[in-house]
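Colleague: I'll drop the sequence and a predicted model, then ask my questions.
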Amino acid sequence: MSERSERTNETGSSWPRSGHPPVKDWATDFDHTDEVWAADPYPIWDELRRTCPVAHSDRYGGTWLPTRHEDVAAIAYDTDNFTSRSVVVTNYRPPNLAPRGIAPPISSDPPFHAGARRILLPLMSPQVIAKWEPSTREYCESLVADLRGRDVIDAAQEYAQHIPVRVIARMLGFPEEDADLFRGFVHHVLEEVTLPLEQRFLGMQDLFEYLRTQVKDHIDNPRDDLTTAMLNAEMNGEPVGMEHVGGTVALLLLAGIDTTWSAIGASIWHLAGHPSDRERLVAEPQLLPTAIEEFLRAYAPVTMARLVKHDMDWKGCPMKADDWILLSFPSANRDPEFFENADEVIIDRQDNRHAAFGLGIHRCAGSHLARMELRVALEVFLDAFPVFSLEDPGAVRWAGGQVRGPRTLPLRIG
């Protein structure tokens, strides 16, 4: 048996850790939790774009996968035919909480969405995020200080994963010592999507009970943080309420951790395997913001989901109400019809209208925060370790599911 985690089905044969049988035909039976997808999805998307640009699978109760930029964008902007009431594909359809959804504004449909997003945007403005840069840099420097003097480090487990956890905990006013708990919530919600409904429910119950406790504490003890600001917010002249605040805080906690952790790790992984790019960024640090946009394009971590609102024919695809749509922004970013030399990572690429932060009304409200964390994390890491390489390329492990990034990243320093 390989090192990867496996389960045994009723016939005694081994299945991957997703609990699903391996995929044999990506056009008609794809699974975004499959380990082949997690390890290297790019050839899969390339082949589908050429042969079956909107794939379909019966898994998860029916799922569609557009792979071309044109189709991903069309669905992302179409709020008449597709709902955002759930953005994580599982075996079960969520209760219909539209238009608010469970985690506003990402799970909200118009017209509710606009008001929910309007509350959040000022809290994530460039001016606000700039205030968090010094403490983020200080924390990154403390992490690399603990790694100095070693020949081999794990840049995912010992560096990348810690940064967004600390930043978002401080922004929300949550206990920083709960970091392992936060990572557990992320893993359950975003990766353990094939668990039985009862286990999914219990995990979500634990998450929202934790958030309820934290929000209640902020009601009793207001302070200068994002959670208190949300509690003081109004929509249409009315307080937003605990359920709304709890849902938005859940969004910030989950999305704010895993996406940025993955982007930092993927960027370091690229530089470890491409010494000329690493050497250039060390020599030309002013190029880093441009390079970051290319890392975001080439290794976009996030695939969002939508649900079909009603039975319809969409460009020849017979979609049914409550079919899932996997909006693969990473695949859209590799579309050669939209990007020149789409499969090449060009760190000084100038024309780069990537979709790493999404498209349409749900474009990531935290993009300024993510860019700041990614820039600071790479600046500090490259300054501390100007020379590094992959210790064992085969030992790198990537997360499966809708947020893809390295979970183990052994590097040799020097």
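Modeller: Nice, I can see it.
Colleague: which residues does residue 41 contact?
Modeller: Shown in contact with residue 41 (CB atoms under 8 Å, 6 or more residues apart in numbering): 330, 331, 404. For the C-beta atoms, the positions are set from N, CA and C on the backbone; glycine is no exception.
Colleague: Most neighbours among these, which one?
Modeller: Tallying neighbours with other CB atoms under 10 Å puts residue 331 at the head of these, with 27 neighbours.
Colleague: In three-state terms, label the nearest residue to it once chain neighbours are set aside for me.
Modeller: Leaving out its chain neighbours, the residue that sits closest to residue 331 by CB to CB, 6 or more residues apart in numbering is residue 45, at 4.0 Å. Secondary structure assignment for residue 45 (DSSP: H, G, I helix; E, B strand; the rest coil): helix.
Colleague: residues near residue 45, how many?
Modeller: When neighbours are counted by other CB under 10 Å, residue 45 comes out with 23.
Colleague: so it touches residue 326, yeah?
Modeller: No. At 11.2 Å, residue 45 and residue 326 do not qualify as touching, with contact defined as CB atoms under 8 Å.
Colleague: what does the strand or helix carrying residue 219 rub up against?
Modeller: Per DSSP states H and E, residue 219 falls inside helix 197-220. With contact meaning CB under 8 Å, 6+ apart, helix 197-220 is reached by 90-92, 172-174, 181, 185, 188-189, 192-193, 195, 225, 227-228, 231, 242, 245-246, 249-250, 253.
Colleague: Try it again at 7 Å.
Modeller: 90, 92, 173-174, 185, 188-189, 227-228, 231, 242, 245-246, 249-250 (CB atoms under 7 Å, 6 or more residues apart in numbering).
Colleague: go on, stretch 390-397?
Modeller: 152, 269, 272, 273, 406, 407, 408, 409, 410, 411, 412.
Colleague: for the contacts of residue 41, which one is nearest residue 35?
Modeller: residue 404 (11.9 Å; CB to CB).
Colleague: Tell me if I'm right that residue 287 and residue 281 touch.
Modeller: Yes. Using CB atoms under 7 Å, residue 287 is in contact with residue 281, at 6.1 Å.
Colleague: So these two - more neighbours on which side?
Modeller: residue 281 (22 against 14).
Colleague: From residue 337, how far out is the residue most central in space within the chain?
Modeller: By CA atoms, centre = their mean, the chain has its centre lying nearest to residue 259, at 3.4 Å. Per CB to CB, to the nearest Å, residue 259 is found 26 Å from residue 337.
Colleague: Could you do residue 109 as well?
Modeller: Taking CB to CB, one finds residue 109 at 30 Å from residue 337.
Colleague: Would you mind telling me which of those two has the busier surroundings?
Modeller: Ranked by neighbour count (other CB under 10 Å), residue 109 and residue 337 place residue 109 first, with 20 against 9.
Colleague: how would you label the closest residue to the more buried one other than its chain neighbours: helix, strand or coil?
Modeller: Leaving aside its sequence neighbours, residue 109 sits nearest to residue 99 (CB to CB, 6+ apart; 4.3 Å). For residue 99, the assignment made with three-state DSSP gives coil.
Colleague: What count of nearby residues applies to residue 99?
Modeller: Using other CB under 10 Å, residue 99 has 18 neighbouring residues.
Colleague: wait, isn't it in contact with residue 108?
Modeller: Yes. With contact defined as CB under 7 Å, residue 99 reaches residue 108; the gap is 5.7 Å.
Colleague: ok so residue 149 is a helix residue?
Modeller: No. Remark: residue 149 does not belong to a helix; assigned using three-state DSSP, it is coil.
Colleague: what about dumping the CA coordinates of stretch 136-145 to PDB?
Modeller: What follows is stretch 136-145, C-alpha atoms only, in PDB (Å, rounded to 0.1, in the frame of the first residue of the first chain):
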ATOM      1  CA  THR A 136       2.100  40.200  10.000                       C
ATOM      2  CA  ARG A 137       5.700  40.800   9.200                       C
ATOM      3  CA  GLU A 138       6.800  40.500  12.800                       C
ATOM      4  CA  TYR A 139       5.000  37.100  13.000                       C
ATOM      5  CA  CYS A 140       6.600  35.900   9.800                       C
ATOM      6  CA  GLU A 141      10.000  36.900  11.100                       C
ATOM      7  CA  SER A 142       9.400  35.000  14.300                       C
ATOM      8  CA  LEU A 143       8.500  31.900  12.300                       C
ATOM      9  CA  VAL A 144      11.700  32.000  10.100                       C
ATOM     10  CA  ALA A 145      13.800  32.700  13.300                       C
END
